[in-house]
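A.B. asks: this is the structure alone, sequence omitted:
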Ligand SMILES: C[S@@+](CC[C@H](N)C(=O)[O-])C[C@H]1O[C@@H](n2cnc3c(N)ncnc32)[C@H](O)[C@@H]1O
């Protein structure tokens, strides 16, 4: 396999930054120009450790001036709150809400309420914390925004979301011992189907109202018209087959880790596996949402947002609940908050966000260092194959991320405002550099499935919303046709077998290029460039054709005991065929009969998908694929399609979103 170093360099660069967007690229090119090729190759390129590289860019006279000069200017850049804007949006929201009361027909009412909700969401996002701007709404803009939105949500029948907003409104200063508040509570509970609680809330409202019963009568009338709405059930993670592995966290007890010189460490079956066995359910060590989804997904759990809850300080990100907000803001977000737009504006890749997150989410500096160093020691980083250029770019990114941490007071109040790192800061930059290497080869893209209102499968689309680093999943090697389906429940990665495995057979994921879509040459170039290895999987060894070029041919296993050989479909089924390996005459009649049954099951499974019966389709695919692999081997067009369909069905049990 020829080695294309330029392509490898381009691939590698993209894992750090965008070439087109952001200021980081210019910073890197400026530093590179000022240090010159000679220094880069003969000095920096000769350094043998990350610590030496980091030290070099902060202290070698060839580079340190432009580095320090730029980093000195790092300042907070983030989306600020704006009370006036928030109050105006709330007024708009209230206007649409009011209009909805006199709407003609349900459609118009819903439309007006949706518009009201949109304005209320903006109001929530931009409202400052209590008393930050006392000149507007007496400093209660945020509380009023939540209260307004609660009213709209009640009208939309979204009781739980309304109740959450009411609680937030009270937390942020709205008078909660009022008739209006308890009437709203009663309606929210009623929409949730919680009659008893609705009743109690109404009674409290009655007590507070005293003789003034007008509000209560109206509320009672409204309550009688509310029909509880049921929410779609949330996706659940499946059970691991035979429980959790004691040595590989998050993996099932039916796999193990092995190592060879050519392929490094990789996961194999430790037992016989069946199609559909759940082999891994793992939470990420760290995961980050891609910036383009900051407005549509929860920053913490990646759930799609309907009623965002905001950070009290910035307007750049949103959460699905007060709980997610609390967890994030007590942890990583307190350091990232004021630098979000700067990070985005730098053009750095999502992998750099993850590297930073490993530190910002740690309970303390020592824990951050310990996690980062253990990841660098335990995961593949291809340290020996990197070029000086690549190291320079990553070292500069590490320095930039360190500067963010300095400015975000990650190290507490520093003695000086200067960039020059202290000893412990140098250790952090060194570990960041290690993470930037490890993440390149080990991070997973996180996706959700977008389904249409009409059908769960037709027109469904995979949407990549972020990326994460998974400790155990990082040990799975690639094959150009994977033996597992990878899907997500929130940020949790699930790997399920899409074929049966024999003991010691590799359990392979796919890093991007599938043989069904990308030809051998392109795949090899891609894998060499992006992951620095040459693939020797069966699809590559036998140069399997692309799916569209694959005919209906099938190869059957020789049926004699202990013979492992794939035979072509017999020309004449009534006659025995001679196996070239074991030299025995065998009959393939039974195999052909089983294949006919398999094809029938594939058709039934496809019909179940058509009928949107996901669980039934999964069971049928599992049964059929298991039988297929007993009698025959890949590539077989219908089985490849069945495996792909099984992946779609499994992903449908994970995180989905209705457009
Ligand atoms: C996510 S890691 C997988 C675990 C890795 N083998 C290890 O020892 O840490 C990705 C790296 O594994 C190696 N790798 C993955 N699949 C491979 C394969 N089919 N053959 C050889 N090496 C492979 C490549 O070096 C790749 O960059």
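C.D. replies: Okay, I see it. Please read all numbers here as calculations on a predicted model, not as lab measurements.
A.B. asks: which residues are contacting the lowest-mean-pLDDT helix or strand in the chain?
C.D. replies: Using mean pLDDT, DSSP states H and E, helix 5-14 stands out as the lowest-scoring helix or strand of the chain, at a mean of 87. For helix 5-14, the surrounding residues in contact (CB atoms under 8 Å, 6 or more residues apart in numbering) are 19, 349, 386-387, 389-390, 393, 440, 525, 528-530, 532. (C-beta placed from N, C-alpha, C; glycine too.)
A.B. asks: ok, now with 7 Å
C.D. replies: 19, 349, 387, 389, 390, 393, 440, 525, 528, 529, 530 (CB atoms under 7 Å, 6 or more residues apart in numbering).
A.B. asks: how about the nearest residue to residue 204, chain neighbours excluded?
C.D. replies: With CB to CB, 6 or more residues apart in numbering as the criterion, residue 204 has its nearest non-adjacent residue at 4.7 Å, and that residue is residue 182.
A.B. asks: so that neighbour is in contact with residue 205, correct?
C.D. replies: Yes. Under the criterion of CB atoms under 7 Å, residue 182 makes contact with residue 205 at 3.6 Å.
A.B. asks: more neighbours: those two, which one.
C.D. replies: Higher neighbour count among residue 182 and residue 205: residue 182, with 25 against 22, using other CB atoms under 10 Å.
A.B. asks: residues of the stretch 451-600 of the chain that sit close to the ligand?
C.D. replies: Neighbours of the ligand within the stretch 451-600 of the chain, by CB under 6 Å from any ligand atom: 474, 475, 477, 478, 479, 531, 532, 533, 535, 537.
A.B. asks: biggest separation within the residues you listed, which pair?
C.D. replies: With CB to CB as the measure, no two of these lie farther apart than 474 and 537, at 18.8 Å.
A.B. asks: tally of neighbours for residue 427?
C.D. replies: Using other CB under 10 Å, residue 427 has 17 neighbouring residues.
A.B. asks: same deal with residue 536?
C.D. replies: Around residue 536 there are 12 residues (other CB under 10 Å).
A.B. asks: for residue 444, phi and psi?
C.D. replies: Phi and psi for residue 444, reported as degrees, to the nearest 10, are phi -110, psi 140.
A.B. asks: scratch that, residue 536 is what I was asking about
C.D. replies: Note on residue 536: its backbone torsions stand at phi -120, psi 30 [degrees, to the nearest 10].
A.B. asks: circling back: now tabulate the residues of the stretch 451-600 of the chain next to the ligand in TSV and tack on distance to residue 643 and secondary structure.
C.D. replies: Converted to TSV, these look like this (distance: CB to CB, whole Å; DSSP: H, G, I helix; E, B strand; the rest coil):
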residue	distance to residue 643	secondary structure
474	23	helix
475	22	helix
477	18	coil
478	16	strand
479	13	coil
531	23	helix
532	28	coil
533	24	coil
535	19	coil
537	15	coil
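A.B. asks: now neighbour count too, for those, in CSV please.
C.D. replies: Formatted as CSV, those follow (neighbours: other CB atoms under 10 Å):
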residue, neighbour count
474, 20
475, 23
477, 20
478, 20
479, 23
531, 20
532, 18
533, 20
535, 23
537, 21
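A.B. asks: ok, the closest residue to the ligand within the stretch 201-350 of the chain to residue 503 distance?
C.D. replies: Nearest to the ligand in the stretch 201-350 of the chain, going by CB to the nearest ligand atom, is residue 264, at a distance of 2.8 Å. Distance, residue 264 to residue 503, using CB to CB, to the nearest Å: 21 Å.
A.B. asks: quick one: pLDDT of the residue in the stretch 551-659 of the chain that the ligand sits nearest to?
C.D. replies: Nearest residue of the stretch 551-659 of the chain to the ligand (CB to the nearest ligand atom) works out as residue 634 at 16.1 Å. pLDDT for residue 634: 97.
A.B. asks: just give me the neighbour total for it.
C.D. replies: There are 21 residues near residue 634, going by other CB under 10 Å.
A.B. asks: how about residue 246?
C.D. replies: Residue 246 has 8 nearby residues by other CB under 10 Å.
A.B. asks: please, which helix or strand holds it?
C.D. replies: Counting by DSSP states H and E, no helix or strand carries residue 246.
A.B. asks: contacting residues for it?
C.D. replies: Residue 246 is in contact with no residue at all, counting by CB under 7 Å, 6+ apart.
A.B. asks: cool, the one 5 residues further on as well?
C.D. replies: Contacts here follow CB under 7 Å, 6+ apart; on that basis residue 251 touches 245, 279, 280, 472.
A.B. asks: now the closest residue in space to residue 380 that isn't next to it in sequence: how far from the ligand?
C.D. replies: In space, and not counting its chain neighbours, residue 380 is closest to residue 441: 5.3 Å by CB to CB, 6+ apart. Counting by CB to the nearest ligand atom, to the nearest Å, the gap from residue 441 to the ligand is 4 Å.
A.B. asks: I'd assumed residue 376 was in contact with residue 441.
C.D. replies: No. The pair residue 441 / residue 376 is not scored as a contact, 11.9 Å apart, by CB under 7 Å.
A.B. asks: if we can go back for a sec, tabulate the residues of the stretch 451-600 of the chain next to the ligand in TSV, adding columns for distance to residue 88 and pLDDT.
C.D. replies: As requested, those are exported to TSV (distance: CB to CB, whole Å; pLDDT from 0 to 100):
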residue	distance to residue 88	pLDDT
474	48	98
475	53	98
477	56	98
478	53	98
479	56	98
531	51	97
532	54	96
533	57	97
535	57	98
537	59	98
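A.B. asks: residue 339: which of the residues you listed is nearest?
C.D. replies: residue 474 (27.6 Å).
A.B. asks: now that closest one. Nearest residue, chain neighbours left out?
C.D. replies: Using CB to CB, 6+ apart and skipping residues adjacent in sequence, the residue nearest residue 474 is residue 442, 4.0 Å away.
A.B. asks: what lies in contact with stretch 611-630?
C.D. replies: Applying CB under 7 Å, 6+ apart, the contact partners of stretch 611-630 are 274-276, 455-456, 499-500, 594, 597-598, 601-602, 604-605, 608-609, 639, 642-643, 645-646, 649-650, 652-653.
A.B. asks: and the residue nearest to residue 243 when sequence neighbours are not counted, what does it touch?
C.D. replies: What sits nearest to residue 243 in space, not counting adjacent residues and going by CB to CB, 6+ apart, is residue 253, at 5.0 Å. Shown in contact with residue 253 (CB under 7 Å, 6+ apart): 242, 243, 244, 245.
A.B. asks: quickly note the distance from residue 253 to residue 279.
C.D. replies: Residue 253 sits 10 Å away from residue 279, going by CB to CB.
A.B. asks: residues of the chain that sit close to the ligand?
C.D. replies: The chain comes close to the ligand at residues 263-266, 379-380, 441-442, 474-475, 477-479, 531-533, 535, 537, as judged by CB under 6 Å from any ligand atom.
A.B. asks: what residues are up against the residue nearest to residue 204?
C.D. replies: 201, 204, 205, 208.
A.B. asks: so it: helix, strand or coil?
C.D. replies: Here residue 182 is helix, with the state taken from DSSP: H, G, I helix; E, B strand; the rest coil.
A.B. asks: now do residue 65, the pLDDT please.
C.D. replies: Reported pLDDT for residue 65: 94.
A.B. asks: just give me the residue closest to the centre of this protein.
C.D. replies: Central residue of the chain (CA atoms, centre = their mean): residue 446, 2.8 Å from the mean position.
A.B. asks: ok, now how distant is it from residue 469?
C.D. replies: Distance, residue 446 to residue 469, by CB to CB: 11 Å.
A.B. asks: now do residue 359
C.D. replies: Residue 359 sits 13 Å away from residue 469, going by CB to CB.
A.B. asks: returning to what we had before: pLDDT at the residue nearest to residue 204, what is it?
C.D. replies: If you check residue 182, the pLDDT there is 97.
A.B. asks: for the ligand, see how far away it is.
C.D. replies: To the ligand, residue 182 is 55 Å away according to CB to the nearest ligand atom.
A.B. asks: the contacts of residue 251 in helices, which ones?
C.D. replies: Nothing among the contacts of residue 251 maps onto helices, per DSSP state H.
A.B. asks: pull out the buried members of these.
C.D. replies: Buried members of the contacts of residue 251, counted by 16 or more other CB atoms under 10 Å: 245, 279, 280, 472.
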